[in-house]
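**Q** Pasting a predicted model and its sequence here:
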Amino acid sequence: MEPVIVLDNIPFQADIEALMKQMHVQPDTSDAEDMQKMVAEVERIARPKAMYALRFIDSKDDDGVVVEGTRFSSRVLRVNLDKAERVFLYIATCGRELDDWAHTLDDPLHQFWAEAIKIQALGAASRMLTQHLTDTYQPGKTSDMNPGSLADWPLREQRPLFRSLGDPFATIGVELTASCLMVPNKSVSGIRFPTEESFASCMLCPRPECPNRRAPHDPVLFEQKYRKQAE
Ligand code: SF4
């Protein structure tokens, strides 16, 4: 089994201009001053991190795949991995340090800003992970699936994913709650796989006006590509 790789020396500088724009903070105001102080503090504290493991697929059936002894149950994942032989299991996070700091803030406005800063830190970790995978493995075109993004691959599938990565809490400070949500909340986990056709879970998700949508909903895709044939 390939070792779990940890990326924990990830540079992070908050983008204050983007933050001010996003939070509607005007320059030369007391809010702008507060935000600058906050960003300076964050840059001292934040330690975004990521971990991943290269894993090989043992077997595939109609409703799931077994990856080095761990079963993942999802018809969509199974179809997406049809031609894949290896996958990357991963977790990226804004980091416990930033999350703990955000919990010390009393002002609801500052708490709101802190969540936006945590998203930026998670972005830094995710970009570093992608760059590292590209430099190390040249995986070509890839797509991702994340447990909980589709009813077909529910949140409880975080458990096998976390198990496959050993001890994510000890390694990068990410743990699962009893309902399988991640702490810190600005963390992302998933399976990245080689694919010739781009895939995003949003393509199968009908949720209207989702602010995080990354691809248009395709109302016929499930029937055309993922529906199991009747026996
Ligand atoms: S549209 Fe929104 S809710 Fe649906 S999968 Fe995409 S990000 Fe998730």
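**A** Structure's in. What do you need?
**Q** Now do the strands in the protein.
**A** Assigned by DSSP state E, the chain shows strands spanning 5-7, 49-61, 64-67, 70-73, 86-93, 142-145, 175-176, 182-183, 187-194.
**Q** Tell me which residue lies nearest the centroid of this structure.
**A** V188 (2.3 Å; C-alpha atoms, centre = their mean).
**Q** Report the contact partners of it.
**A** By C-beta atoms under 8 Å, 6 or more residues apart in numbering, the residues touching V188 are 91-93, 122, 126, 146, 182. All C-beta spots, glycine's among them, are computed from the backbone N, C-alpha and C.
**Q** Now the residues you listed in CSV, please, with extra columns for distance to F112, neighbour count and pLDDT.
**A** Below are the contacts of V188 laid out as CSV (distance: C-beta to C-beta, whole Å; neighbours: other C-beta atoms under 10 Å; pLDDT from 0 to 100):
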residue, distance to F112, neighbour count, pLDDT
I91, 25, 24, 98
A92, 22, 29, 98
T93, 20, 29, 98
L122, 16, 24, 98
S126, 22, 18, 98
N146, 24, 18, 97
M182, 20, 21, 98
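**Q** Switch those residues over to a markdown table; also include distance to D58.
**A** What follows is those, written out as a markdown table (distance: C-beta to C-beta, whole Å):
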| residue | distance to D58 |
| --- | --- |
| I91 | 22 |
| A92 | 25 |
| T93 | 28 |
| L122 | 31 |
| S126 | 28 |
| N146 | 22 |
| M182 | 26 |
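**Q** ok, now how distant is the nearest residue to S201 once chain neighbours are set aside from S189?
**A** Counting by C-beta to C-beta, 6 or more residues apart in numbering, S149 is the residue found nearest to S201 once chain neighbours are left out, at 3.9 Å. Here the criterion is C-beta to C-beta, to the nearest Å. By it, S149 lies 10 Å from S189.
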